[in-house]
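Novice: fold the stuff below for me.
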Amino acid sequence: MTAGLYRTIRDDVLALFAATWSHSDVPVYWRSNDREPMPEPSEVPHFLRNEVDFGREMLSAFGAGRGANLRVQFGSVLIRVFASRALGNEDTSLDLMADAVAAFRSKRVTDGAGNDLSFIGEGSGFDIQPTEDGNWSTRGAMVVFEYRFRG
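Specialist: Alright, predicted model coming up:
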């Protein structure tokens, strides 16, 4: 089975993040159909739990026949930084969040098939309220992307 549009986009986003994330001591989990793993808060001061979400799709230009149109899929990457209430701190959380957002800021990735993942457009939004979840405090940010493809 070949990768579909959404899996391709997700994989491109994860690869871009992995190539630029410089904090190997901070665990990063990506949302999937799992039990939302969380490290032990007495051993890990901070970790990230991110997810790729998809928004609307639009036609950008007509092509030469069926499946040849230029289309744009919009989406976002939600970044959540968890800080252990025993070991972590707000300043480090905010610095990690800034580094995670910077991993995407002004980045563009193209492949040989003419597909284009871009974080150059609208920028980011800060839409996730700080919360406390048992042993963890969380902060979050959102960055938006567009993915251009033929379809």
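Novice: which residues touch the lengthiest helix in the chain?
Specialist: In the chain, taking DSSP state H as the definition, the longest helix is helix 5-20. Among residues not part of helix 5-20, those counted as contacts by C-beta atoms under 8 Å, 6 or more residues apart in numbering are 3, 28, 30, 50, 52, 54, 73, 75, 77, 100, 102-104, 107, 109, 115, 117, 145, 147, 149, 151. (C-beta placed from N, C-alpha, C; glycine too.)
Novice: now the strands: where do they sit in the protein?
Specialist: Along the chain, counting by DSSP state E, strands occupy 28-30, 46-61, 70-84, 108-110, 116-118, 124-125, 131-133, 136-150.
Novice: now the longest one: average pLDDT?
Specialist: With pLDDT averaged residue by residue, strand 46-61 scores 90.
Novice: one more: the first one?
Specialist: Throughout strand 28-30, pLDDT has a mean value of 94.
Novice: which residues touch it?
Specialist: Outside strand 28-30, the residues touching it (C-beta under 8 Å, 6+ apart) are L14, F17, W21, E36, P37, F47, L48, R49, N50, E51, V52.
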